[in-house]
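**Student:** Dropping the sequence and predicted coords here.
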Amino acid sequence: MTRQNLFFLKRYAGSGITSDLVGKHNSCRVYLRAVSPNRGIKGHHIVEDILTYFGITDCSAKTHGNRNPYNVVRATFKALMTHETLEDIALKRGKRLLHLQRARKLD
């Protein structure tokens with residue numbers, strides 16, 4: 001059972017996420033926002049713990065709706081499962097990875 005639910009998360013620049021993510025479970029929504037390096041983790045304490053276990057140190061999190069711990073955890077994992085690396089985004093768009101990295105640094 002656990003092998004089916006196992007997934008890996010590649011971090012951007014070793015510490016963050018590449019873009020903003022949204023996860024929803026029942027009436028709880030979790031917004032994970034990409035921030036600049038060395039900014040730290042801010043947000044709901046359960047989401048902060050989950051992100052530190054994944055090795056993400058630069059992220060901002062916001063929860064809306066029902067903040068039942070079960071719903072917050074499930075919504076956070078659903079948001080993290082939608083994360084795409086810059087390589088995946090480049091393959092989808094048919095672009096080179098160098099162009100996307102340069103655009104990400106300009107933000």
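**Tutor:** Perfect, thanks for sending it.
**Student:** In this protein, where is pLDDT below threshold?
**Tutor:** Residue ranges of the chain with pLDDT under 70: 1-3, 98-107.
**Student:** What is the longest helix of it by residue count?
**Tutor:** helix 69-81 (DSSP state H).
**Student:** Name the surrounding residues that touch that one.
**Tutor:** Contact with helix 69-81 is made by 7, 9, 21-32, 44, 46-47, 50-51, 54, 61, 63, 65, as judged by C-beta atoms under 8 Å, 6 or more residues apart in numbering. C-beta: built from backbone N, CA, C; applies to glycine.
**Student:** From those, keep the buried residues only.
**Tutor:** For the contacts of helix 69-81, a neighbour count by 16 or more other C-beta atoms under 10 Å gives the buried set as 21, 23, 25, 28-32, 44, 46-47, 50-51, 54, 61, 63.
**Student:** quick one, helices of the chain?
**Tutor:** Using DSSP H, helices in the chain cover 45-54, 69-81, 86-93, 97-106.
**Student:** For Ser36, find the nearest of the ones you listed.
**Tutor:** In terms of C-beta to C-beta, the element of the helices of the chain nearest to Ser36 is helix 97-106, at 10.4 Å.
**Student:** Give me the distance between Ile46 and Ala75.
**Tutor:** 10 Å (C-beta to C-beta, to the nearest Å).
**Student:** So what sits opposite Cys59 in the bridge?
**Tutor:** Beta-bridge partners of Cys59, counted by DSSP bridges, are Ala34, Ile41.
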